[in-house]
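Trainee: turn this into a model:
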Amino acid sequence: MSKDIKALLAQKLAENSAKHLNANQSAHLELGNELKKLPLNKVRPNRFQPRTVFDEKEIASLAESIKEMGLLQPVTVREIDEGNYELIAGERRFKAHDLLGKTHIDAIVTQADDSEIAILALAENASREDLCDFEIGKALRSIEKHFPNKSRLAEAVGLDRKEMYRYLAYHDLPTSFLDKVATKPKLLSRSAAYDIKQVLSQFKFSEQQTDEVLSRVWELLELGKLEQGRIAEFIQSESLKELKSQIYYPPVAAPDIKPILSGGKPIGKFHHKGKKYVVEINAKDLDEQQRIEIEQFIETLMTKNMSS
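Mentor: Coordinates of the predicted model:
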């Protein structure tokens, strides 16, 4: 992850954490925020949650901590309609409460639009090292529609446009390939995803050919036999193989060959060689007299043809 996005998201997360700290001092916060104890069944997960996999052991450990010490930091939610809420930050804490069988959770109720809660959800997860490029790319794609253009989105999360396009490249890869990536998202970085997108746009693969070459790419990645920085080179080599297989090579006509036999054993051949008609006889199968007789026969034959 680039330092720019890390720094900006960390700043947003710190601002959100400051609100949590203030919540411990007053039930009524600035800007209309309020600390409430909400029923778990009235709170739904953040639809913009970038994380696709949660560590069950980590959730269980957090649950034990909450059981012993209580919830030290409330979750943050927004009200989506009367009496129903959506998580903005704190999904692990929410899952830990559910694991403990708790019916209520302390929450800061605040106002936020879709773009704000999406960035906050990304910020909370980006502070953890195990959030991968694929999950960040998915999160950025999910909030893209809430910004007028990609430049504004890049500005909101602190990315330059080149880095933004690398994260968004996942979305342009075939669904069948992305299904594989989703099972082990750390195997494919944003740069590798962008390289795949670029190289596929250069070659006119059919859908079947694309699926086949990307299946080979994924298989090699899983086996650790293909470096991410060489994926584009591998696809290029596969495309050249495919191109060669499509080149039409006209069939070569079978040469006009007739064997020369002696006692049923081949000792040579008559055949056409370009514009020539060649008589080949193994020298070891001829004695001197036979060689002289063959030469005299050909000379007599050609003289006769020329005089007729």
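Trainee: for the stretch 101-250 of the chain, which segments count as strands?
Mentor: 104-110 (DSSP state E, counting those that start in this stretch).
Trainee: could you list the low-pLDDT ranges of it?
Mentor: 124-130, 242-250 (pLDDT under 70).
Trainee: mind redoing it with 90?
Mentor: The stretch 101-250 of the chain contains residues with pLDDT under 90 at 110-133, 135-164, 201-209, 236-250.
Trainee: for it, which segments count as helices?
Mentor: Assigned helices in the stretch 101-250 of the chain, in chain order: 114-126, 133-143, 150-157, 161-168, 175-183, 190-202, 207-223, 231-246 (criterion: DSSP state H, counting those that start in this stretch).
Trainee: for the fifth one, packing partners?
Mentor: I take that to be helix 175-183. helix 207-223 (3 or more C-beta pairs under 8 Å, 6 or more residues apart in numbering; DSSP states H and E). To be clear about C-beta, it is placed using only N, CA and C from the backbone, and glycine gets the same treatment.
Trainee: the inter-axis angle of the helix it packs on versus helix 190-202?
Mentor: On the basis of axes from the mean of the first three to the mean of the last three C-alpha atoms, to 10 degrees, helix 207-223 is oriented at 160 degrees to helix 190-202.
Trainee: send me stretch 44-54 as PDB with only the CA atoms.
Mentor: What follows is stretch 44-54, C-alpha atoms only, in PDB (Å, rounded to 0.1, in the frame of the first residue of the first chain):
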ATOM      1  CA  ARG A  44     -26.600  -4.500  10.100                       C
ATOM      2  CA  PRO A  45     -23.000  -4.900   8.700                       C
ATOM      3  CA  ASN A  46     -21.400  -2.100   6.700                       C
ATOM      4  CA  ARG A  47     -22.300  -2.700   3.100                       C
ATOM      5  CA  PHE A  48     -18.900  -1.200   2.100                       C
ATOM      6  CA  GLN A  49     -16.900  -3.500   4.300                       C
ATOM      7  CA  PRO A  50     -13.700  -4.200   2.300                       C
ATOM      8  CA  ARG A  51     -12.700  -7.300   4.200                       C
ATOM      9  CA  THR A  52     -13.900 -10.500   2.700                       C
ATOM     10  CA  VAL A  53     -12.500 -12.900   5.300                       C
ATOM     11  CA  PHE A  54     -12.400 -12.500   9.100                       C
END
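Trainee: residue nearest the middle of this protein, spatially speaking?
Mentor: The centroid of the chain falls nearest to Ala193 when counting by C-alpha atoms, centre = their mean (4.9 Å).
Trainee: show me the contacts for that one.
Mentor: 133-134, 137, 166, 169-170, 173 (C-beta atoms under 8 Å, 6 or more residues apart in numbering).
Trainee: go with 7 Å
Mentor: 169-170, 173 (C-beta atoms under 7 Å, 6 or more residues apart in numbering).
Trainee: highest neighbour count among the residues you listed?
Mentor: Each of the contacts of Ala193 was scored for neighbours by other C-beta atoms under 10 Å, and Tyr170 scores highest at 27 neighbours.
Trainee: how close does the nearest residue to it once chain neighbours are set aside get to Leu178?
Mentor: Nearest residue to Tyr170 in three dimensions, chain neighbours excluded: Gly137, at 4.4 Å (C-beta to C-beta, 6 or more residues apart in numbering). Distance, Gly137 to Leu178, by C-beta to C-beta, to the nearest Å: 10 Å.
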